[in-house]
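Trainee: Sequence first, then the predicted structure, then my questions.
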Amino acid sequence: GESVGLHLPTLSVQEGDNSIINCAYSNSASDYFIWYKQESGKGPQFIIDIRSNMDKRQGQRVTVLLNKTVKHLSLQIAATQPGDSAVYFCAETLNSGYSTLTFGKGTMLLVSP
Amino acid sequence: EPEVTQTPSHQVTQMGQEVILRCVPISNHLYFYWYRQILGQKVEFLVSFYNNEISEKSEIFDDQFSVERPDGSNFTLKIRSTKLEDSAMYFCASAALGTNEKLFFGSGTQLSVL
(Lines give C-alpha, C1' and ligand atoms only; values in the text may rest on other atoms or scores of the structure.)
Protein backbone atom coordinates (compact mmCIF):
# COMPACT_ATOMS: atom_id res chain seq x y z
CA GLY A 1 0.00 0.00 0.00
CA GLU A 2 1.03 3.63 -0.23
CA SER A 3 2.85 5.06 2.72
CA VAL A 4 5.01 7.86 3.99
CA GLY A 5 8.60 7.04 4.83
CA LEU A 6 11.77 8.67 6.06
CA HIS A 7 15.29 8.24 4.72
CA LEU A 8 17.28 8.80 7.92
CA PRO A 9 16.23 7.35 11.24
CA THR A 10 18.76 9.43 13.25
CA LEU A 11 20.40 12.75 12.52
CA SER A 12 23.12 14.12 14.79
CA VAL A 13 24.16 17.75 14.47
CA GLN A 14 26.08 20.36 16.40
CA GLU A 15 24.34 23.30 17.96
CA GLY A 16 24.19 26.15 15.48
CA ASP A 17 24.25 23.91 12.43
CA ASN A 18 21.40 23.77 9.99
CA SER A 19 19.46 20.50 9.97
CA ILE A 20 17.65 18.90 7.09
CA ILE A 21 15.19 16.09 7.69
CA ASN A 22 13.83 14.29 4.67
CA CYS A 23 10.65 12.41 3.93
CA ALA A 24 9.46 10.46 0.91
CA TYR A 25 5.79 10.03 0.30
CA SER A 26 4.22 7.70 -2.18
CA ASN A 27 0.59 8.76 -2.36
CA SER A 28 0.55 11.16 -5.27
CA ALA A 29 -3.00 12.15 -4.38
CA SER A 30 -1.94 13.65 -1.04
CA ASP A 31 -2.36 17.38 -1.05
CA TYR A 32 -1.49 18.49 2.44
CA PHE A 33 1.62 17.79 4.43
CA ILE A 34 2.58 18.51 8.00
CA TRP A 35 5.74 18.23 10.02
CA TYR A 36 5.35 17.31 13.66
CA LYS A 37 7.89 17.35 16.45
CA GLN A 38 7.58 14.81 19.23
CA GLU A 39 9.57 15.20 22.42
CA SER A 40 9.95 12.30 24.77
CA GLY A 41 6.72 11.57 26.63
CA LYS A 42 4.72 14.13 24.71
CA GLY A 43 2.31 14.15 21.82
CA PRO A 44 3.18 15.31 18.33
CA GLN A 45 3.50 19.07 18.16
CA PHE A 46 2.60 20.90 14.95
CA ILE A 47 5.60 22.64 13.40
CA ILE A 48 4.72 23.67 9.87
CA ASP A 49 2.45 22.64 7.05
CA ILE A 50 2.36 22.98 3.30
CA ARG A 51 -0.25 22.42 0.65
CA SER A 52 0.46 20.75 -2.65
CA ASN A 53 0.03 23.99 -4.58
CA MET A 54 3.17 25.34 -2.92
CA ASP A 55 6.78 24.21 -3.07
CA LYS A 56 8.18 26.15 -0.14
CA ARG A 57 6.92 27.58 3.09
CA GLN A 58 8.86 29.33 5.81
CA GLY A 59 8.22 29.66 9.49
CA GLN A 60 10.33 30.78 12.37
CA ARG A 61 13.70 29.02 11.86
CA VAL A 62 11.97 26.27 9.88
CA THR A 63 11.36 25.83 6.19
CA VAL A 64 9.43 23.07 4.48
CA LEU A 65 10.17 22.19 0.88
CA LEU A 66 7.88 20.10 -1.27
CA ASN A 67 8.96 18.48 -4.50
CA LYS A 68 5.92 16.86 -6.03
CA THR A 69 7.83 15.58 -9.03
CA VAL A 70 9.81 13.16 -6.90
CA LYS A 71 7.33 13.07 -4.02
CA HIS A 72 9.78 14.41 -1.50
CA LEU A 73 9.32 16.60 1.52
CA SER A 74 12.00 18.15 3.68
CA LEU A 75 12.18 20.11 6.88
CA GLN A 76 15.03 22.55 7.31
CA ILE A 77 15.83 23.87 10.75
CA ALA A 78 18.17 26.86 10.87
CA ALA A 79 20.65 27.35 13.69
CA THR A 80 19.63 24.12 15.41
CA GLN A 81 19.41 24.30 19.19
CA PRO A 82 19.55 21.57 21.84
CA GLY A 83 15.84 22.17 22.40
CA ASP A 84 15.22 21.00 18.85
CA SER A 85 16.26 17.47 19.84
CA ALA A 86 13.21 15.31 19.24
CA VAL A 87 11.66 12.89 16.79
CA TYR A 88 10.30 14.57 13.70
CA PHE A 89 7.44 13.07 11.75
CA CYS A 90 6.11 14.02 8.40
CA ALA A 91 2.46 13.33 7.78
CA GLU A 92 0.32 13.47 4.70
CA THR A 93 -3.35 13.64 4.05
CA LEU A 94 -5.95 14.15 1.42
CA ASN A 95 -8.14 17.18 1.75
CA SER A 96 -11.06 14.84 2.09
CA GLY A 97 -12.89 16.69 4.80
CA TYR A 98 -12.00 14.47 7.72
CA SER A 99 -8.31 14.32 7.00
CA THR A 100 -6.88 11.10 8.26
CA LEU A 101 -3.20 11.74 8.71
CA THR A 102 -0.72 9.11 7.57
CA PHE A 103 2.49 9.43 9.52
CA GLY A 104 5.98 8.42 8.57
CA LYS A 105 8.22 6.47 10.93
CA GLY A 106 10.06 9.49 12.26
CA THR A 107 13.61 10.81 12.37
CA MET A 108 15.41 11.34 15.63
CA LEU A 109 17.27 14.65 15.66
CA LEU A 110 20.08 14.84 18.23
CA VAL A 111 21.63 18.25 18.79
CA SER A 112 24.92 18.40 20.66
CA PRO A 113 25.87 21.60 22.50
CA GLU B 1 -2.23 28.64 24.53
CA PRO B 2 -5.16 26.23 24.37
CA GLU B 3 -4.24 22.58 24.43
CA VAL B 4 -5.70 19.12 24.27
CA THR B 5 -5.59 17.42 27.65
CA GLN B 6 -5.68 13.69 28.27
CA THR B 7 -6.22 11.65 31.40
CA PRO B 8 -4.81 9.53 32.83
CA SER B 9 -1.23 9.89 31.65
CA HIS B 10 -0.60 6.24 32.45
CA GLN B 11 -3.07 3.36 32.67
CA VAL B 12 -2.20 -0.17 33.65
CA THR B 13 -4.82 -2.85 33.20
CA GLN B 14 -5.24 -6.59 33.10
CA MET B 15 -5.93 -8.34 29.83
CA GLY B 16 -9.68 -8.62 29.25
CA GLN B 17 -10.53 -5.55 31.31
CA GLU B 18 -12.29 -2.49 29.98
CA VAL B 19 -10.50 0.84 29.89
CA ILE B 20 -11.71 4.34 29.14
CA LEU B 21 -9.26 6.95 28.00
CA ARG B 22 -10.37 10.51 28.40
CA CYS B 23 -9.67 13.64 26.43
CA VAL B 24 -10.70 17.25 26.60
CA PRO B 25 -10.22 18.74 23.14
CA ILE B 26 -9.58 22.42 22.52
CA SER B 27 -12.84 24.17 23.27
CA ASN B 28 -13.81 25.58 19.88
CA HIS B 29 -12.69 22.56 17.89
CA LEU B 30 -15.23 20.37 16.12
CA TYR B 31 -13.16 17.50 14.75
CA PHE B 32 -11.83 14.88 17.13
CA TYR B 33 -9.44 12.02 16.63
CA TRP B 34 -7.73 9.12 18.34
CA TYR B 35 -4.35 7.91 17.22
CA ARG B 36 -2.02 5.43 18.83
CA GLN B 37 1.69 4.76 18.82
CA ILE B 38 3.16 1.43 19.74
CA LEU B 39 6.61 1.84 21.25
CA GLY B 40 9.19 2.59 18.59
CA GLN B 41 6.66 2.67 15.77
CA LYS B 42 4.87 5.38 13.88
CA VAL B 43 1.69 7.10 14.92
CA GLU B 44 -1.37 5.26 13.57
CA PHE B 45 -4.85 6.58 12.94
CA LEU B 46 -7.71 4.96 14.83
CA VAL B 47 -10.83 7.04 14.39
CA SER B 48 -12.16 10.47 13.56
CA PHE B 49 -15.35 11.97 14.96
CA TYR B 50 -17.42 14.89 13.76
CA ASN B 51 -20.95 16.05 14.34
CA ASN B 52 -21.48 13.38 17.00
CA GLU B 53 -20.63 10.47 14.80
CA ILE B 54 -17.66 8.52 13.56
CA SER B 55 -16.56 9.90 10.21
CA GLU B 56 -13.73 7.51 9.52
CA LYS B 57 -12.03 4.58 11.22
CA SER B 58 -9.09 2.33 10.56
CA GLU B 59 -8.82 -1.45 10.57
CA ILE B 60 -7.39 -1.21 14.08
CA PHE B 61 -10.64 0.26 15.35
CA ASP B 62 -12.61 -2.97 15.60
CA ASP B 63 -15.69 -3.85 17.62
CA GLN B 64 -13.71 -3.70 20.86
CA PHE B 65 -13.25 0.04 20.42
CA SER B 66 -15.80 2.77 20.78
CA VAL B 67 -15.78 6.54 21.10
CA GLU B 68 -18.15 8.91 22.75
CA ARG B 69 -18.61 12.58 23.34
CA PRO B 70 -20.80 12.40 26.42
CA ASP B 71 -20.99 16.15 26.98
CA GLY B 72 -19.75 19.35 25.43
CA SER B 73 -16.17 18.95 26.50
CA ASN B 74 -15.06 15.33 26.84
CA PHE B 75 -14.15 12.84 24.15
CA THR B 76 -13.52 9.27 25.26
CA LEU B 77 -12.06 6.11 23.82
CA LYS B 78 -13.26 2.84 25.30
CA ILE B 79 -11.62 -0.52 24.80
CA ARG B 80 -14.06 -3.18 25.97
CA SER B 81 -11.77 -6.15 26.47
CA THR B 82 -8.13 -5.19 26.30
CA LYS B 83 -5.52 -7.37 24.67
CA LEU B 84 -1.79 -7.37 25.16
CA GLU B 85 -1.32 -5.83 21.74
CA ASP B 86 -3.43 -2.84 22.75
CA SER B 87 -0.48 -1.63 24.81
CA ALA B 88 0.51 1.68 23.26
CA MET B 89 0.48 5.42 23.71
CA TYR B 90 -2.94 6.73 22.77
CA PHE B 91 -3.17 10.28 21.50
CA CYS B 92 -6.27 12.37 21.26
CA ALA B 93 -6.30 15.20 18.74
CA SER B 94 -8.70 17.92 17.71
CA ALA B 95 -9.03 20.40 14.88
CA ALA B 96 -11.02 23.52 14.22
CA LEU B 97 -13.74 24.01 11.65
CA GLY B 98 -12.21 24.98 8.34
CA THR B 99 -8.75 23.75 9.32
CA ASN B 100 -9.61 20.15 9.97
CA GLU B 101 -6.29 18.90 8.65
CA LYS B 102 -4.35 20.84 11.25
CA LEU B 103 -4.49 18.54 14.22
CA PHE B 104 -3.46 19.47 17.72
CA PHE B 105 -2.44 16.51 19.83
CA GLY B 106 -2.60 15.84 23.53
CA SER B 107 0.31 14.41 25.49
CA GLY B 108 -1.13 10.94 25.35
CA THR B 109 -2.16 8.13 27.67
CA GLN B 110 0.31 5.29 27.99
CA LEU B 111 -1.76 2.11 28.19
CA SER B 112 -0.07 -1.01 29.48
CA VAL B 113 -2.01 -4.27 29.26
CA LEU B 114 -0.60 -7.02 31.44
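Mentor: Here it is on my side, so go on.
Trainee: Count the residues that sit near the residue in chain B that chain A sits nearest to.
Mentor: Sorted by distance to chain A under Cβ to the nearest Cβ, the residues of chain B start with B:Phe105, at 3.5 Å. Every residue, glycine included, has its C-beta placed from N, CA and C. Neighbourhood size, B:Phe105 [other Cβ atoms under 10 Å in any protein chain shown]: 22.
Trainee: Residue of chain A closest to chain B, please.
Mentor: Going by Cβ to the nearest Cβ, chain B is nearest to A:Gly43 of chain A, at 3.5 Å.
Trainee: burial count for A:Leu11?
Mentor: 19.
Trainee: show me the contacts for it.
Mentor: A:Leu11 makes contact with A:Ser19, A:Ile21, A:Thr107, A:Met108, A:Leu109, A:Leu110 under the criterion Cβ atoms under 8 Å, 6 or more residues apart in numbering or on different chains.
Trainee: Now do the end-to-end distance for stretch B:51-59.
Mentor: 22 Å (Cα to Cα, to the nearest Å).
Trainee: Show me what counts as buried in it.
Mentor: If you call a residue buried by 16 or more other Cβ atoms under 10 Å in any protein chain shown, then stretch B:51-59 has these buried ones: B:Ser55, B:Glu56, B:Lys57, B:Ser58.
Trainee: Grab the nearest non-local neighbour of the third one.
Mentor: To tie it back to what came earlier, the one meant is B:Lys57. Spatial nearest neighbour of B:Lys57, excluding adjacent residues (Cβ to Cβ, 6 or more residues apart in numbering or on different chains): B:Val47 at 4.5 Å.
Trainee: Over to the last one?
Mentor: If the residues on either side of it in the chain are set aside, B:Ser58 comes closest to B:Phe45, at 5.0 Å by Cβ to Cβ, 6+ apart.
Trainee: What about the contacts of A:Leu11, which one has the most neighbours?
Mentor: Compared across the contacts of A:Leu11, A:Ile21 has the highest neighbour count, 23 neighbours, by other Cβ under 10 Å.
Trainee: The residue lying closest to A:Lys56 once chain neighbours are set aside: what's it in contact with?
Mentor: Using Cβ to Cβ, 6+ apart and skipping residues adjacent in sequence, the residue nearest A:Lys56 is A:Leu65, 5.4 Å away. Neighbouring residues of A:Leu65 by Cβ under 8 Å, 6+ apart: A:Asp55, A:Lys56, A:Leu73, A:Ser74, A:Gln76.
Trainee: Tell me how many other residues crowd the second one.
Mentor: The local packing of A:Lys56 (other Cβ under 10 Å) involves 11 other residues.
Trainee: hang on, it packs against A:Val64?
Mentor: Yes. Look at A:Lys56 against A:Val64 with Cβ atoms under 8 Å: they come within range, at 7.2 Å.
Trainee: anything in contact with each of the two?
Mentor: A:Ile50.
Trainee: thinking again about what came up before, the residue of chain A closest to chain B looks like it's in a helix, true?
Mentor: No. Per DSSP: H, G, I helix; E, B strand; the rest coil, A:Gly43 lies outside any helix segment and is coil.
Trainee: What separation do you get for it and A:Lys37?
Mentor: As judged by Cβ to Cβ, to the nearest Å, A:Gly43 and A:Lys37 stand 10 Å apart.
Trainee: Please identify which of the two sits among more neighbours.
Mentor: A:Gly43 (24 against 20).
Trainee: which residues does that one contact?
Mentor: Under the criterion of Cβ under 8 Å, 6+ apart, the neighbours of A:Gly43 are B:Val4, B:Phe91, B:Ala93, B:Phe105, B:Gly106, B:Ser107, B:Gly108.
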